[in-house]
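1. fold the stuff below for me.
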Amino acid sequence: MKALSVSCPKCHHRLVLENLRVRAPHPGRELMTCGDVLVEPAARLHLQHLHGRNVLILGRVAARVTARLTLEIGRNGCVEGDVEAARVVIHDGAVLRGNCRIVRPPAAPPAPRPVPLDPTRAPPRAP
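-> Okay, the predicted model is just below:
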């Protein structure tokens, strides 16, 4: 079973982990997820903030948009508001009315360190 949301142990806010596909207007002021967001061509969003890992906009969005990795505006997509992402792709025919800020992508988690062997013990022998 896969968790779709968790609570932050410090601030107790709900964090959504799933990918979102928006086909119609979204009631509310914010749309936030730790996953990817796809705004379909027929969708019209009017929000204060849209946030996701990768955000693909094919419809119309009036909001501040934050993508932790890639923000892509499709050829008929329209964004009215400031955007922030590590990578921005704007196709021919797409519209961006707002400021664009390119940020560094989040750092990858460090690889686990190997456990040092005790030099006084001999390595195990192969059978």
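
2. tell me how many other residues crowd Pro112.
-> Counted with other Cβ atoms under 10 Å, the neighbours of Pro112 add up to 6. To be clear about C-beta, it is placed using only N, CA and C from the backbone, and glycine gets the same treatment.

3. you'd agree Gly59 is up against Ala43?
-> Yes: between Gly59 and Ala43 there is a contact under Cβ atoms under 8 Å: 3.8 Å.

4. for the protein, which spans come out with low pLDDT?
-> For the chain, the stretches flagged by pLDDT under 70 are 1-17, 108-111, 114-127.

5. all strands of it, in order?
-> Secondary structure of the chain (DSSP state E): strands at 5-7, 14-16, 20-22, 30-32, 37-39, 44-52, 55-57, 60-73, 78-80, 83-90, 95-97, 100-102.

6. OK, contacts around the nearest residue to Glu72 once chain neighbours are set aside?
-> The spatial neighbour of Glu72 that comes closest, neighbours along the chain excluded (Cβ to Cβ, 6 or more residues apart in numbering), is Val89 at 4.3 Å. If a contact means Cβ atoms under 8 Å, 6 or more residues apart in numbering, then Val89 has 70-73 as its contacts.

7. how near is Val89 to Ile57?
-> The gap separating Val89 from Ile57 is 10 Å, by Cβ to Cβ, to the nearest Å.
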